[in-house]
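S.K.: sequence-free structure coming up:
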């Protein structure tokens, strides 16, 4: 998404301009295309309008199942899991992302697998499981290298791995 300005060093969450996101949300209106609906869910999520994002994300998964490809369904499920994560439902998000990573890996969809692993890593990170987060971020890095991702994408994953290492070290020293 072009609206991502960076990632918070402590939470690894997207940094966005709320005004820009609100404007884009208004532009999308009630468009019913799958890409528009996916974007609306993401915008609602980053704007922390989670009571609106959750039912819409569920609707998008149903819509993708009826009118989209298997890859569309997988993208919608990953997005739904990220909304669950933001709501603090980490076990539900991990369960959904486990299924998504397994399917993407099984179909050898490296880019979608990287996407699912990255988001599962973020759930683990937010839940305080830095070892699991690091493992998923490392897998994301490998998959992104395999698919020829940009240097910026690779650097963001390397930063996330370093953040996991710092957190693990800080937690080990504190205990």
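M.R.: Great, that's in hand. The model shown is predicted, which means the values in this text are computed figures rather than measured ones.
S.K.: so which strand or helix has the most centrally placed residue in the chain?
M.R.: The centroid of the chain falls nearest to residue 119 when counting by C-alpha atoms, centre = their mean (3.8 Å). Secondary-structure assignment from DSSP states H and E places residue 119 in helix 110-126.
S.K.: Could you identify the longest helix within this structure?
M.R.: Among the elements of the chain assigned as helix by DSSP state H, the one spanning the most residues is helix 151-174.
S.K.: wouldn't the residue nearest to the centre of the chain be in contact with residue 94 here?
M.R.: No - under the contact definition of C-beta atoms under 8 Å, residue 119 does not touch residue 94, with a separation of 10.0 Å. Any C-beta I mention is one placed from the backbone N, CA and C, and that applies to glycine too.
S.K.: and the residue nearest to residue 24 when sequence neighbours are not counted, how many residues sit next to it?
M.R.: Take residue 24 and drop its neighbours on the chain: the residue closest to it by C-beta to C-beta, 6 or more residues apart in numbering is residue 43, 6.1 Å away. Residues near residue 43, counting by other C-beta atoms under 10 Å, number 24.
S.K.: Let me see the contact set for residue 43.
M.R.: 3, 21, 24, 25, 28 (C-beta atoms under 8 Å, 6 or more residues apart in numbering).
S.K.: Flag every buried residue along whichever strand or helix holds it.
M.R.: Per DSSP H and E: residue 43 is located in helix 34-46. Of the residues in helix 34-46, those scored as buried under the neighbour-count criterion (16 or more other C-beta atoms under 10 Å) are 34, 37, 38, 39, 40, 41, 42, 43, 44, 45, 46.
S.K.: what do you get for stretch 43-60?
M.R.: Judged by neighbour count using 16+ other C-beta under 10 Å, the buried positions of stretch 43-60 are 43, 44, 45, 46, 52, 53, 54, 56, 57, 60.
S.K.: same deal with stretch 95-114?
M.R.: 96, 97, 100, 101, 103, 104, 105, 109, 110, 112, 113, 114.
S.K.: any idea how far residue 89 is from the second one?
M.R.: This points to residue 97. 12 Å (C-beta to C-beta, to the nearest Å).
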